[in-house]
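*Asks:* generate coordinates for the sequence data below:
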Amino acid sequence: MNVTSTTVVILAGLLLLAVFFVVGLYNKLVAMRNRYRNAYAQIDVQLKRRYDLIPNLVETARAYLQHERGTLEAVITARNAASTAGAAAAAQPGDPVAMKALVGAEGVLTGTLGRLFALSEAYPDLKANTTMLGLMEELASTENKVAFSRQAYNDAVMVYNTQREVFPSSIISNSFGFAAAELFVIEAPAQREPPKVAFT
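*Replies:* Model (predicted):
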């Protein structure tokens, strides 16, 4: 083997190693992106469950809160807006615009639910209604599941964003369009607390 053929073999070997390295980084970024998308799917399941509970809650309260129509309508309007924002975020998990819209809509929904629960404290018959108590318990359980799923999603997004920013992965992520994913962060301190559902 002469020097030229040895050089060609070495260069071909280095090129092959470089190709395997790039493919490995690309596949790692794809796997991490899929992981945070799957984590968001778990949030989506819990949010849909929450959105499905709210109309039942409002219907149960409607019989007792006949003079509080504005509050009940505000809850349904906020629920519909949050459901729409949730569907947009589910279509593009991690998209900054969709995630910020979801955070905002969820904040409004949490606020209107809080007003409904505070208002219902003044109605002893509503507080004693077994259907209402069951719905409140399911809603509280769902809120906890949403918080747990949100943490798993944020962890997956953090790992993905870190991987796409470090060198040499940043070259691959920029070349192949791996955009940064947005965290699902509750910004206002009042939104961090789930609605109080203590009916005792």
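*Asks:* in contact with Ala152, which residues are there?
*Replies:* Ala39, Gln42 (C-beta atoms under 8 Å, 6 or more residues apart in numbering). All C-beta spots, glycine's among them, are computed from the backbone N, C-alpha and C.
*Asks:* could you say which helix or strand holds it?
*Replies:* Here Ala152, judged by DSSP states H and E, is contained in helix 130-165.
*Asks:* in that helix, what counts as buried?
*Replies:* Neighbour-count burial for helix 130-165 flags 132-133, 135-136, 138-139, 142-143, 145-146, 149-150, 152-154, 156-157, 160-161, 163-164 (criterion: 16 or more other C-beta atoms under 10 Å).
*Asks:* what's the weakest-modelled helix or strand in the protein?
*Replies:* helix 189-192 (a mean of 50; mean pLDDT, DSSP states H and E).
*Asks:* this structure: helices as residue ranges?
*Replies:* Secondary structure of the chain (DSSP state H): helices at 3-62, 69-91, 96-120, 124-128, 130-165, 169-175, 189-192.
*Asks:* Throw those helices into TSV and include distance to Leu183, thanks.
*Replies:* Listed next are the helices of the chain as TSV, based on distance: least, C-beta to C-beta, whole Å:
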stretch	distance to Leu183
helix 3-62	10
helix 69-91	12
helix 96-120	7
helix 124-128	37
helix 130-165	5
helix 169-175	17
helix 189-192	14
